[in-house]
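J.: Coordinates only, no sequence provided:
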Ligand SMILES: NC(=O)c1ccc[n+]([C@@H]2O[C@H](COP(=O)([O-])OP(=O)(O)OC[C@H]3O[C@@H](n4cnc5c(N)ncnc54)[C@H](OP(=O)(O)O)[C@@H]3O)[C@@H](O)[C@H]2O)c1
C-alpha cells in the first residue's frame, strides 16, 4: 500500500452493521497542534452505533425530543473516538509529544463533524486530547478506556464531588462506563452498590463493589437506602424510580437520556445533574496513573479485527456488555 493511503472503516449510508465498509482511503495529515497516530487498537462505544444508524431506530433514543438529538454526521465518515497507538508524526506547535510515544485518547469529542475517526490504521488527534499509555497496559486494554473512563471520572469528580465514605449506586455497573465508575468510586473511598444483571456478579465483586444487585431478580429500591449519589448509565422512562434510593440532599447523575421527574426530585431535595463527556488529556492522565499501578482495570468483553467492525457493532447492540469492546488494528 502506498504511504499516502491506509485501511479504514467507512459508512456511505446509515443502517445496520453491514453498512460498515473496510476500504483503502487517504491517510490523514496532522495540522497545527495535532499528531498523527498509528492506531494499534480502537474502542467501540454506544455513540458509534447511534451515529451508524444516523440516530434513527435507536431504541435507547426513542422519545428524545428532536432538539436534543445529535446532528446526523455527514456521509461518508469513519466512526470511532477512542484510540491507542503510536505517534508517527507531529504537527506544527506540538511540544508535548514526539515520534515513537505511545498514547491513548478520546479524540475531538464532542465534535460531530470533525470526530476521532478512530476505526482506521492512522488518525490525527489534537495533542491536548491525549495521555501517555501506561507501560503496564497493552493497546487493546488502553483503547477501552478513554470515553467510558472519562465519563465515569468526569461524572464522579466534576459533575459530582464524590467524597470518601459516601455511598454511590452505579446503575449499568458492568458496562463500559459502569465498570470504571465502580472502580473509581472505590479509589475515592466510597461504598459502592452495583446494579447489573446477575451474569456480572463475580466480575463486579472482583472490581470492588460492596453490594451487587441483580436487577432481573431484585429491585434496587428494596436494597439501597440513603444513597448519596446515583450514577445512572441506563436512563429510560423508568429512571425516576432511582430517586427512591437517594437521601434528601443527594444527587442523581444522568449519564444518558431518562425520565427523572424533576419536580418530584426537587421536592425531595434531590439534585439531578447531567453532563456530556469531553476530551481531556489531563483527566485521562489521572486515569493512566491509576491504570499504571493496577488500581484501575479494563474489562474486555470482546476483541475484533478492524475489518470485522460490523461484528463488533452486532456485539455492542446485543446488550449485556461486560467492560469494553475493542477493535485490533494492525498486527
Ligand atoms: N453522558 C455522556 O457523555 C455519555 C458518555 C458515554 C456513554 N454515554 C451513554 O451511557 C450509556 C452507557 O454507556 P456504556 O458505554 O457503559 O454502554 P455499555 O458498555 O453498552 O453498557 C451498558 C450496560 O448497561 C447494562 N444494563 C442494561 N439494561 C440495564 C438495566 N435495566 N439495569 C441495569 N443495567 C442495565 C448492560 O448489561 P446488563 O443488562 O447485563 O447488566 C451493560 O453492561 C449509553 O447509552 C451511552 O450512550 C453517555
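T.: Received, thanks. Predicted model, so just to flag it, every value in this text is computed and none were measured.
J.: Where do the strands of the stretch 201-331 of the chain begin and end?
T.: Assigned by DSSP state E, counting those that start in this stretch, the strands in the stretch 201-331 of the chain fall at 211-214, 227-232, 246-254, 271-274, 300-305, 324-328.
J.: tell me the contacts of whatever residue of the chain ends up closest to the ligand?
T.: The chain approaches the ligand most closely through residue 175 (1.9 Å), counting by Cβ to the nearest ligand atom. The C-beta positions use only the backbone N, C-alpha and C, and glycine is treated the same way. The contact partners of residue 175, taken as Cβ atoms under 8 Å, 6 or more residues apart in numbering, are 148, 233, 321-323.
J.: rerun that using 7 Å as the cut-off
T.: Contacts for residue 175 (Cβ atoms under 7 Å, 6 or more residues apart in numbering) come out as 233, 321.
J.: do the same with residue 71
T.: residue 112.
J.: quick one: secondary structure of it?
T.: coil (DSSP: H, G, I helix; E, B strand; the rest coil).
J.: And the pLDDT for it?
T.: In this model, residue 71 is scored at 70, pLDDT.
J.: Repeat that for the one 5 residues further on.
T.: Confidence at residue 76, expressed as pLDDT, is 93.
J.: check contacts around it.
T.: By Cβ under 7 Å, 6+ apart, the contact set of residue 76 is 10-12.
J.: Closest one of those residues to residue 32?
T.: residue 10 (25.8 Å; Cβ to Cβ).
J.: Next, that closest one: phi, psi?
T.: Backbone torsions of residue 10, given as degrees, to the nearest 10, read phi -130, psi 160.
J.: excluding its backbone neighbours, what's nearest it?
T.: residue 76 (4.9 Å; Cβ to Cβ, 6 or more residues apart in numbering).
J.: cool, and residue 105?
T.: residue 130 (4.0 Å).
J.: And that neighbour, how close does it get to residue 182?
T.: Distance of residue 130 to residue 182, given as Cβ to Cβ, to the nearest Å: 25 Å.
J.: neighbours of residue 113, just the number please.
T.: A count of nearby residues for residue 113, using other Cβ atoms under 10 Å, gives 9.
J.: Which pLDDT value belongs to residue 3?
T.: Predicted confidence (pLDDT) for residue 3: 86.
J.: can you list the residues of this structure near the ligand?
T.: Applying Cβ under 6 Å from any ligand atom, one finds that the chain approaches the ligand through 45-47, 60, 147-148, 151, 171-172, 174-178, 195-197, 199-200, 215, 233-234, 255-256, 276-277, 319-321.
J.: Weed out the non-buried ones from the residues you listed.
T.: Neighbour-count burial (16 or more other Cβ atoms under 10 Å) is assigned, among the residues of the chain next to the ligand, to 45-47, 147-148, 151, 171-172, 174-178, 195-197, 200, 233-234, 255-256, 277, 321.
J.: For whatever helix or strand residue 48 lives in, name the packing helices and strands.
T.: Using DSSP states H and E, residue 48 sits within helix 46-52. The helices and strands touching helix 46-52, judged by 3 or more Cβ pairs under 7 Å, 6 or more residues apart in numbering; DSSP states H and E, are helix 309-318.
J.: How far off centre is the helix it packs on?
T.: 15 Å (Cα atoms, centre = their mean, to the nearest Å).
J.: now stretch 101-117
T.: 12 Å.
J.: try stretch 12-32
T.: Centre to centre, stretch against its chain (Cα atoms, centre = their mean), the figure for stretch 12-32 is 21 Å.
J.: For that stretch, measure first residue to last.
T.: 29 Å (Cα to Cα, to the nearest Å).
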